[in-house]
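**Q** sequence-free structure coming up:
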């Protein structure tokens, strides 16, 4: 914990760590889009060459960012370009014009918010198994009323856990319109929908992934 606080107090160290967090998140976002450009994966092939190039251009500028505010702006721009691709992945009825959080304004934003809240809780739980303090972060601004380190680390795992989960649930029709409250503009998941997401989320966390080269 002492080294964690020292890292936060050192502007250079904090910036180095924050850059790595944003870069890792961008890397996983690109991997998600590349998955759908490869027909051998068994999914339909989609031409995401242009958005991938745009995101990688933004990613390349991460190393030049001089403040966490700049990094947050880059991260936002990367995600904005990424989210514009979602209509091609999950169907235009779930196209994401913009990310709205408090509260979500449609079905896809509701799914993202629910999935992100599950991941945030998981990451926070894992932090408690370490000597790190969850209130000292590097990318997000630390605060006593929120566990900002969990927000930092969640950014890396959102694309490979939450986003992939949403793609699967919508493309396999496990989640449909009936799982949302119509009178609330589909911005609220019914209990049945939450159970489906929770079950799939738990299964995803139980998945063991082996290193390609090491085999373990």
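**A** Thanks, I have it. Being a predicted model, the structure only gives us computed values, none of them experimental. Residues are numbered from 1 along each chain as shown.
**Q** what about the helix ranked longest in the chain, average pLDDT?
**A** In the chain, with assignment by DSSP state H, the single longest helix is helix 11-35. Helix 11-35 shows a mean pLDDT of 96 in the predicted model.
**Q** So, low pLDDT: which residues of the protein?
**A** Scanning the chain for pLDDT under 70 picks out the ranges 39-44, 97-98, 100-105, 144-145, 182-186.
**Q** Tell me, how many residues neighbour residue 113?
**A** Neighbours of residue 113 under the rule other Cβ atoms under 10 Å: 19. Every residue, glycine included, has its C-beta placed from N, CA and C.
**Q** One more: residue 30?
**A** Residue 30: 20 neighbours (other Cβ under 10 Å).
**Q** now residue 194
**A** Neighbour tally, residue 194, other Cβ under 10 Å: 14.
**Q** Pick out the residue closest to the middle of the chain.
**A** The centre of the chain sits closest to residue 158, judged by Cα atoms, centre = their mean, with a distance of 2.3 Å.
**Q** Regarding that residue, what is its secondary structure?
**A** Judged by DSSP: H, G, I helix; E, B strand; the rest coil, the three-state class of residue 158 is helix.
**Q** Pull the contacting residues for it.
**A** Residue 158 makes contacts with 25, 28, 115-116, 119, as judged by Cβ atoms under 8 Å, 6 or more residues apart in numbering.
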